[in-house]
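Participant: Here is a sequence together with a model predicted from it:
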Amino acid sequence: MEEGYRFLDEKRLILAAAMLAELQRYEAATADFQAAYAEAVAALKAALARHGLEELQAHPVGGSPLGEIVLFPRSVLGVIVNEVECRLPDDDGGPPVAASPEAARCRERFARLVPLAGRLAALTGNLERLSHEYQRTSRRARALEDVLLPELEQALRAIDTALEEQEREEAIRVRRAGAGG
């Protein structure tokens, strides 16, 4: 049981380190997404200023909304941690109704958000899975540390006491048998 506790305690430390590494990657990905989102909003404002809402709505969205998500899974003590790569098809939405660099830039900036959002989603899932396993491992380690190991130590002390008492009784019997015979 003590070895099991040491293993769970070590697992807890490894999972905590993995969570910290994923959290740093998540924060960097969030910063990238927020910067790209700010650029997309600025491009949208410029396109709206040039075309107005109704004309901008007449522009095609762009290429096919279907892309490809490629997962690169790895395991951290049995917990799957994914790297994600989102691949979007080339833009073949046809010529816009009223072509302008502002509308093209707006479309391109918002298309760049999709892979970044996919990466954020994967990192969020990684953090959730790691957190769940950390909590589970922590509960098990605490159960061993706070309940089972103390109970085992108490049982061992009781057994030791009973064995010592039996040894004393046996020693007394041996002395009595030696003195009487």
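Facilitator: Noted; the coordinates are in hand.

Participant: CA atoms for contacts and neighbours, from now on please.
Facilitator: Will do.

Participant: what bridges to residue 81?
Facilitator: residue 74 (DSSP bridges).

Participant: And it, how far from residue 123?
Facilitator: Separation of residue 81 from residue 123 (C-alpha to C-alpha, to the nearest Å): 8 Å.

Participant: Let me know how buried the nearest residue to residue 15 once chain neighbours are set aside is, in neighbour terms.
Facilitator: Once flanking residues are discounted, residue 15 sits nearest to residue 134: 6.0 Å by C-alpha to C-alpha, 6 or more residues apart in numbering. The burial count assigned to residue 134 is 21, neighbours taken as other C-alpha atoms under 10 Å.

Participant: Which strands and helices lie in contact with the strand or helix carrying residue 134?
Facilitator: Assessed by DSSP states H and E, residue 134 sits inside helix 101-143. On a contact count with 3 or more C-alpha pairs under 8 Å, 6 or more residues apart in numbering; DSSP states H and E, helix 101-143 meets helix 2-57, strand 79-87.

Participant: Now tell me which helix or strand of this structure has the poorest mean pLDDT.
Facilitator: In the chain, no helix or strand scores lower on mean pLDDT, DSSP states H and E than helix 149-180, which sits at a mean of 81.

Participant: From the chain's centroid, how far away is that one?
Facilitator: Offset of helix 149-180 from its chain centre (C-alpha atoms, centre = their mean, to the nearest Å): 53 Å.

Participant: Equivalent analysis for stretch 168-181, please.
Facilitator: Using C-alpha atoms, centre = their mean, the offset of stretch 168-181 from its chain centre is 67 Å.

Participant: Check stretch 79-95 too.
Facilitator: With C-alpha atoms, centre = their mean as the basis, stretch 79-95 stands 21 Å off its chain's centre.

Participant: Mean confidence (pLDDT) on that stretch, please.
Facilitator: On average, the pLDDT along stretch 79-95 is 76.

Participant: and that stretch, which residues are buried?
Facilitator: The neighbour-count check on stretch 79-95 (16 or more other C-alpha atoms under 10 Å) flags 79, 81-82, 84-86, 88 as buried.

Participant: what sits against residue 15?
Facilitator: Contact partners of residue 15, counting by C-alpha atoms under 8 Å, 6 or more residues apart in numbering, are 76-77, 130, 133-134.

Participant: Go ahead and build a ChimeraX selection from the buried members of these.
Facilitator: A single ChimeraX command selects the buried members of the contacts of residue 15 (16+ other C-alpha under 10 Å):
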select :130,133,134
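
Participant: so which of the contacts of residue 15 comes closest to residue 163?
Facilitator: residue 134 (40.9 Å; C-alpha to C-alpha).

Participant: isn't the closest one right next to residue 12, touching?
Facilitator: Yes. Because the distance of 6.0 Å satisfies C-alpha atoms under 8 Å, residue 134 is recorded as touching residue 12.

Participant: Centre of the chain to stretch 112-127, how far?
Facilitator: For stretch 112-127, the separation from the chain centroid amounts to 12 Å (computed by C-alpha atoms, centre = their mean).
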